[in-house]
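quick one, fold the following:
(chains A and B)
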Protein chains: 2
Amino acid sequence: MEHIYFSKQTNKLMLLDQRFLPLQEKWFECGLTTDIVYALQEMVVRGAPAIGVTAAYGCVLAAMEVGPVKGWKKAVDEKTEQIARARPTAANLEWAVGRMRNGLKGRDFAFADELATFWLELALDIHRRDVQDNRLIGSLGAVLLSDMDTVMTHCNAGALATGGYGTALGVVRAAVEQGRKIRVIANETRPFLQGARLTAYELVRDGIGVTVACDNACAHLMQKGLVQKVIVGADRIAANGDVANKIGTYGVAIAAARHGIPFYVAAPFSTFDRDIATGELIPIENRTPDEVRYINGISILPDHVEVYNFAFDITPAELITGIITERGLLKPPFGAAIASAQDLNLSRNRL
Amino acid sequence: MEHIYFSKQTNKLMLLDQRFLPLQEKWFECGLTTDIVYALQEMVVRGAPAIGVTAAYGCVLAAMEVGPVKGWKKAVDEKTEQIARARPTAANLEWAVGRMRNGLKGRDFAFADELATFWLELALDIHRRDVQDNRLIGSLGAVLLSDMDTVMTHCNAGALATGGYGTALGVVRAAVEQGRKIRVIANETRPFLQGARLTAYELVRDGIGVTVACDNACAHLMQKGLVQKVIVGADRIAANGDVANKIGTYGVAIAAARHGIPFYVAAPFSTFDRDIATGELIPIENRTPDEVRYINGISILPDHVEVYNFAFDITPAELITGIITERGLLKPPFGAAIASAQDLNLSRNRL
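Residues are numbered from 1 along each chain as shown, chains lettered A, B, ... in the order given. Got it, this is the predicted structure:
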């Protein structure tokens, strides 16, 4: 499912607009930095790895937009900074913009459009690698699933949340590709309904059995023995393994622990943030009450009622059975496992 | 808030239609048994004690409907049985119809309309007593709340769920009447949105501070220290204290236990069912997928996706701090506490 692509004909980034799925397949066209910031903030595109990929292409558009002017480096810097700050929680956003900027080290460009040409290759590479990492996560994680398992997932950690293929749904897809029969329970994931609208949409397209339930049903479904594994994605993973993910993940993890159901997080290393020691320090985005208040444009609330709309929560490492990454399954204690997996990769990159 | 009343002018039961709140205040008129069954099944009225009160008035309408025909007793019996079976989970439904039928013991009526006249007084009494019991629950429970507490509640256990005043919200109202400052977090309660639509509506009308949150936010709000107590209603309470209540209650209870937050159930004795030993044996209503699929008439799901829509779940007694009843606060072990409170009442009634 190609839902993000850069058109070299028009120099536009095309995003399948996730606000209208599954009822309408509309494309959102980004030509300017402000389009990218809007697309990120309004959730035309969401999901930490997809946010990262979009931001990388956004840097390309920023460089194109600045064009051949004096002081273009500073202008590009300001625009990429706007992209990096569009949303606070997903680690992949800063990571992607950082990768683009780091790509400049030791290089010099006369004009912003030279930079844009260089950055486009880098963005395409980030995108390609994200899909590769997803496939690795899938095949490494698939061994955790048994034939006939039902996997509960929260929000959408599928192709639409990544460059393609998916993290949590990548694991499900890989297990199905390996010949196991897997069903999915998709929590609908209020307020944006990513589970109902996006996860169900992806799985129906793939012919993988999916049942949607309201978020508040998760503990009951576990109590009834309907759930064998939980797999979710992540927006940011702290150095100790605490995980920020879509609001509601923490409640699912608490319920899974009570019922002895393994709880896995599937995420690429671009989601890890070793600069943040524990989950408490991860910034949690507080979004507009209107997302809760209006469904399909109609209010479900009396006027003047206050609303909490924290977009993410923190699942403490102690509730997590394992973190499935492109470098293998990390097990507790996560602090050591994360550090050694990252150091290993750094030394590989140095070779 | 008078939302259920019997009009002696028209011999109709008038119900404030809860499907349209808070946006519209429409009244639903019941003249026939089938209107009552429809109102119960389609949730024109919901909430276990309100279901009981409605069912009691429904018996009156059944007797009126049968009229002066041969074999009227059997005909009335069949109609009241339809009412008793309209929904499976709320204990108050069978309880109310049972009370109406038991009221006939030792009495004889020549015609169904004599019975209707007698039953109307009984129904009015059941209604009046339910409000009295709510007020007792309120004042007995209010001592559990401290000034400045924020109480999380799930679904609607307010005036609209009862004959009036409310069980869980009755406790909040009584604490406010006693001069304490209390805020409420109302979980929106998918799919019917009783928390967003009804609890928020009631509290705004009363001037009690209320913040609505999506159901999946409950654990995060507890983790942030925003919740001091949880109080919910109940649809049926088993002999051992296991509680059937709106889907999601169990997840809230698990999260409250993890955070050391007291979790109270507020319910009148009409909700207790000593014939059912444990929660596992309580019938859980499985409602139409359309309730999850459509919000305000618009689908949020891809076509042909399966949906779970269990309307209730079971919170095991071990997660419950106390059950607030009109006969006082019951504490664990609940089996003994429930039995002695009921036996006490039986012996009182015999005097």
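
okay, now the domains of chain A?
A:4-134, A:144-350 (automatic domain parsing).

quick one, which of those domains gets closest to B:Gln41.
Across those, the minimum distance to B:Gln41, taken as CB to CB, is reached by domain A:144-350, at 19.5 Å. For glycine as for every other residue, the C-beta is placed from the backbone atoms N, C-alpha and C.

list the buried residues of stretch A:284-294.
A:284-285, A:287, A:289, A:291-293 (16 or more other CB atoms under 10 Å in any protein chain shown).

adding pLDDT, secondary structure and distance to A:Tyr250, write those residues out as CSV.
What follows is the buried residues of stretch A:284-294, written out as CSV (pLDDT from 0 to 100; DSSP: H, G, I helix; E, B strand; the rest coil; distance: CB to CB, whole Å):
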residue, pLDDT, secondary structure, distance to A:Tyr250
A:Ile284, 97, coil, 11
A:Glu285, 97, coil, 15
A:Arg287, 97, coil, 17
A:Pro289, 97, coil, 21
A:Glu291, 96, helix, 19
A:Val292, 97, helix, 18
A:Arg293, 96, helix, 23
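
near chain B, which of those residues show up?
Taking CB under 8 Å from any CB of the partner chain as the test, chain B is in contact with A:Val292 out of those.

residues contacting the closest residue to A:Glu291 other than its chain neighbours?
Closest residue to A:Glu291 in three dimensions, ignoring its sequence neighbours and counting by CB to CB, 6 or more residues apart in numbering or on different chains: A:Pro191, at 4.4 Å. Applying CB atoms under 8 Å, 6 or more residues apart in numbering or on different chains, we find A:Pro191 in contact with A:291-292, A:295, A:309, B:214.

contacts only, for the residue in the stretch 1-150 of chain A positioned nearest to chain B.
With distances taken as CB to the nearest CB, the stretch 1-150 of chain A approaches chain B most closely at A:Pro22, which sits 4.2 Å away. Neighbour list for A:Pro22: A:197-198, A:200-201, B:301-302 [criterion: CB under 8 Å, 6+ apart].

that one belongs to a strand?
No - judged by DSSP: H, G, I helix; E, B strand; the rest coil, A:Pro22 forms no part of a strand; its state is coil.

which SS class is A:Asn245?
For A:Asn245, the secondary structure call by three-state DSSP comes out as strand.

for A:Ser340, same thing?
For A:Ser340, the secondary structure call by three-state DSSP comes out as helix.

out of the contacts of A:Pro191, the closest to A:Arg183 would be?
With CB to CB as the yardstick, the closest approach to A:Arg183 among the contacts of A:Pro191 comes from B:Cys214, at 25.0 Å.

report how many residues lie close to that closest one.
A count of neighbours around B:Cys214, defined by other CB atoms under 10 Å in any protein chain shown, yields 27.

any idea how far A:Ile314 is from it?
Separation of B:Cys214 from A:Ile314 (CB to CB, to the nearest Å) stands at 17 Å.

distance to B:Ala267 for the domains of chain A - can I get that in a markdown table?
Supplementary listing: the domains of chain A in a markdown table, determined by distance: least, CB to CB, whole Å:
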| stretch | distance to B:Ala267 |
| --- | --- |
| domain A:4-134 | 40 |
| domain A:144-350 | 19 |
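
what's the most buried one of these?
Mean neighbour counts were compared across the domains of chain A using mean count of other CB atoms under 10 Å in any protein chain shown; the top stretch is domain A:144-350, at a mean of 22.

A:Gly98 belongs to a helix?
Yes - residue assignment for A:Gly98, taken from three-state DSSP, places it within a helix.

which residue packs closest to it, ignoring adjacent ones?
Using CB to CB, 6+ apart and skipping residues adjacent in sequence, the residue nearest A:Gly98 is A:Ala84, 7.8 Å away.

quick one, phi/psi of the one you found?
With angles defined as degrees, to the nearest 10, A:Ala84 shows backbone torsions of phi -60, psi -30.

kindly report the same for A:Pro268.
For A:Pro268, the backbone dihedrals are phi -80, psi 170 (criterion: degrees, to the nearest 10).

picking up where we left off before, name the nearest of the contacts of A:Pro191 relative to A:Ala62.
Closest to A:Ala62 out of the contacts of A:Pro191 is A:Glu291 (27.5 Å), distances taken as CB to CB.

with distance to A:Phe6 added, can I get the contacts of A:Pro191 in JSON lines?
Conversion of the contacts of A:Pro191 to JSON lines gives the following (distance: CB to CB, whole Å):
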{"residue": "A:Glu291", "distance to A:Phe6": "29"}
{"residue": "A:Val292", "distance to A:Phe6": "34"}
{"residue": "A:Ile295", "distance to A:Phe6": "33"}
{"residue": "A:Asn309", "distance to A:Phe6": "32"}
{"residue": "B:Cys214", "distance to A:Phe6": "35"}
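
now the two most distant members of those.
Farthest pair in the contacts of A:Pro191 (CB to CB) is A:Ile295 and A:Asn309. Separation: 13.3 Å.

so where does the residue lying farthest from the centre of chain A fall, helix or strand?
Residue distances from the centre of chain A (CA atoms, centre = their mean) peak at A:Lys70, which lies 36.5 Å from the mean C-alpha position. A:Lys70 is located outside every helix and strand, with elements delineated by DSSP states H and E.

now do the one 3 residues further on
Take DSSP H and E as the rule and A:Lys73 turns out to sit in helix A:72-84.

show me what that helix packs onto, helices and strands only.
helix A:33-41, helix A:48-66, helix A:91-102, helix A:112-142 (3 or more CB pairs under 8 Å, 6 or more residues apart in numbering or on different chains; DSSP states H and E).

distance from the chain centre to that helix, please.
Here the centre of mass of C-alpha atoms in helix A:72-84, compared against the chain's by CA atoms, centre = their mean, to the nearest Å, lies 23 Å away.

strands along the stretch 201-350 of chain A, start to end?
With DSSP state E, counting those that start in this stretch, the ranges of strands along the stretch 201-350 of chain A come out as A:210-213, A:229-232, A:236-238, A:243-246, A:263-266, A:272-273, A:294-295, A:298-299, A:306-308, A:312-315, A:322-325, A:328-330.

tell me which of those sits nearest to A:Gly141.
Each of those was checked against A:Gly141 via CB to CB, and the shortest separation belongs to strand A:322-325, namely 3.9 Å.
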